[in-house]
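*Asks:* 3D model of this:
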Amino acid sequence: MKPTSPIFKTFLAITLLLTGFISGILLPEADAQQGANHVTVEADVHHINGQLINGTTIVSARSLGEALGRQVSWDPEAHTVHIESRLDTILKRGYIRVGTTGDYKPFTYLNPETGEYEGFDIDAAKKLARDLGVEVRFVQTSWPTLMDDLLADKFDIAMGGISRNVERQKTAHLSQPYMTFGKSPLIRAEDKDKYQSLEDIDQPDVKIAVNPGGTNQKFVNANIKQAQVTVVENNLDIPGLIASGEYDVMITDNIEAILYANQDPRLYAALSDNPFTINQKGYLMHRGDPIFANWVDLWMEEMILKGEFEALEEKWIYN
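*Replies:* Below you'll find the model as predicted:
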């Protein structure tokens, strides 16, 4: 079967589509009208420098690899495209890029005094890198831009108290869970008898503060209809605003609520044993790479078996 024949192109298009990596056809050098073999791409890949030829965008294998954050090569004899796993790319590169927000204790916190990240998932990320045999490089992201930054290949994996949900799984890949939690209110200790249900909180005279772009805001938008809701850009500022009386309630993960209540006697983690929701934490990765995803899942299983996650909970949440 000749690589320029319509039958070959159709066969290769179906093959590439089934891989989940790219959909399109492989064009030989003459068709691409450039100095290398090219692939037509119809995928959720950003920032590819392509050339429009006869109404079709043609990109080089090198550009595709750069956009995917992985090595892409063309075998002219076998007429196949090889897309290297991100795992192999990381090992060759010598470091793993970990996206984290730095504003969500106890999981990720950018300490302004040291300029270093710290927290539960920061320790986990360092451990992951050691077990890979590479360095770790943290990349600043935010909750509103988390998914866009991942798709733009600014990092290999995102870690830092990320909630597993089906919406995120539509666009990316979420690891197995490492912690179960739920949404609950952080309030002032003096109000612990006042706010004992979601109905108590959703009242016109109650002032709620929430951080933007994450699952806290989604929960508030879906469930709060009467209370006064204010979006506070910096998640780290909210507990202090609750304690000082500027706001009454912060809806957050019960883990975070417990942490802040332990640190500040003015605060109280209400309903932490009976949260409004039941959710799980996981790590966010690019989809379409089962080799890397399977390595991360196996690493997490080892962490659970050895009690490593439990030790991190004791260190960062309950101590």
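*Asks:* So in this structure, where's the weakest helix or strand by average pLDDT?
*Replies:* Between all helices and strands in the chain, the lowest mean by mean pLDDT, DSSP states H and E belongs to helix 29-32, at a mean of 33.
*Asks:* which residue ranges form the helices in the protein?
*Replies:* According to DSSP state H, the chain carries its helices in the segments 6-19, 29-32, 61-68, 86-93, 120-132, 146-151, 166-171, 198-201, 215-223, 238-244, 254-263, 290-305, 308-313.
*Asks:* for those helices, which one sits closest to residue 208?
*Replies:* helix 215-223 (6.4 Å; CB to CB). C-beta here means a position set from N, CA and C on the backbone, and glycine is covered the same way.
*Asks:* Could you check how far the most centrally placed residue in the chain is from residue 191?
*Replies:* Nearest to the centroid of the C-alpha atoms of the chain, with distances taken as CA atoms, centre = their mean, sits residue 284, at 3.5 Å. Between residue 284 and residue 191 the computed distance is 35 Å (CB to CB, to the nearest Å).
*Asks:* Likewise for residue 119?
*Replies:* Taking CB to CB as the criterion, residue 119 is separated from residue 191 by 28 Å.
*Asks:* Residue 118: how many residues sit nearby?
*Replies:* As a burial measure, residue 118 scores 16 neighbours (other CB atoms under 10 Å).
*Asks:* Okay, and the beta partners of the residue lying closest to residue 155 once chain neighbours are set aside?
*Replies:* Leaving out its chain neighbours, the residue that sits closest to residue 155 by CB to CB, 6 or more residues apart in numbering is residue 99, at 3.6 Å. With beta bridges defined as DSSP bridges, residue 99 has these partners: residue 139, residue 158.
*Asks:* Can you tell me how far residue 99 is from residue 136?
*Replies:* Relative to residue 136, residue 99 is positioned 11 Å away (criterion: CB to CB).
*Asks:* Find the residues that touch each one of these two.
*Replies:* Jointly contacting residue 99 and residue 136 under the rule CB atoms under 8 Å, 6 or more residues apart in numbering is no residue at all.
*Asks:* So between the two, which is more surrounded?
*Replies:* Taking other CB under 10 Å, residue 99 and residue 136 do not tie; residue 99 has more neighbours (24 against 18).
*Asks:* who touches the more buried one in this structure?
*Replies:* 138-141, 146, 149-150, 154-155, 157-160, 284.
*Asks:* A PyMOL selection for those residues, restricted to the buried ones, would help me check which they are.
*Replies:* To isolate the buried ones among these in PyMOL, judged by 16 or more other CB atoms under 10 Å, type:
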select buried, resi 138+141+146+149+150+154+155+157+158+159+160+284
